[in-house]
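Enquirer: Using only what follows, build the 3D model:
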Amino acid sequence: MYGIRNRFNDENGKFKDVDALGVFVDNHDNARFLNGMGDHTKFSSAIIFALTTRGIPFTYYGSEQYYGGGKDPNNRESLW
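Expert: Predicted coordinates:
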């Protein structure tokens, strides 16, 4: 929690409006959170944090189905 607090304090001095920053767990540039881990409890906690912390939450498609793809392009599974 201290790390989160310190990160927030650091961001306050670097951005004009930190509430306009995007917050996400997974994106199209990196392996998904669940890649190699598969811990749905930690993933759910990360999603809840992203949805409730300051900033604009972004949810990458497939997260709701627990996609766990690896590095690009394997993190872009088909959504059926």
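
Enquirer: hey, let's count contacts and neighbours off CA atoms from now on
Expert: OK.

Enquirer: got the residue ranges for the strands in the chain?
Expert: 22-24, 56-58 (DSSP state E).

Enquirer: And Phe49, how close does it get to Pro57?
Expert: The gap separating Phe49 from Pro57 is 9 Å, by CA to CA, to the nearest Å.

Enquirer: And those two? Which one has more around it.
Expert: Pro57 (19 against 15; other CA atoms under 10 Å).

Enquirer: Excluding chain neighbours, give the residue nearest to that one in space.
Expert: Val23 (4.7 Å; CA to CA, 6 or more residues apart in numbering).

Enquirer: Can you check the pLDDT for the closest residue in space to Leu79 that isn't next to it in sequence?
Expert: Closest residue to Leu79 apart from its sequence neighbours, by CA to CA, 6+ apart: Gly62 at 6.6 Å. What the model reports as pLDDT for Gly62 is 91.

Enquirer: quick one: stretch 26-37 to chain centroid distance?
Expert: Distance of stretch 26-37 from its chain centroid, counting by CA atoms, centre = their mean, to the nearest Å, is 9 Å.

Enquirer: That one spans what distance, first to last residue?
Expert: End-to-end distance for stretch 26-37, by CA to CA: 14 Å.

Enquirer: looking only at pLDDT, what's the mean for that stretch?
Expert: On average, stretch 26-37 scores 91.

Enquirer: Now the spatially most central residue of the chain: phi and psi?
Expert: Residue closest to the average C-alpha location in the chain (CA atoms, centre = their mean): Val25, at 1.0 Å. Val25 adopts backbone torsions of phi -100, psi -50, taken as degrees, to the nearest 10.

Enquirer: in this protein, which spans are helices?
Expert: For the chain, helices defined by DSSP state H occupy the ranges 2-12, 40-52.

Enquirer: Tell me if I'm right that Glu77 and Tyr66 touch.
Expert: No. In this structure, Glu77 is not within contact of Tyr66 by CA atoms under 8 Å, at 11.1 Å.

Enquirer: Pick out whichever of those two has more residues nearby.
Expert: Tyr66 (17 against 14).

Enquirer: and the more buried one, how far is that from Arg54?
Expert: Tyr66 is 24 Å from Arg54, by CA to CA.
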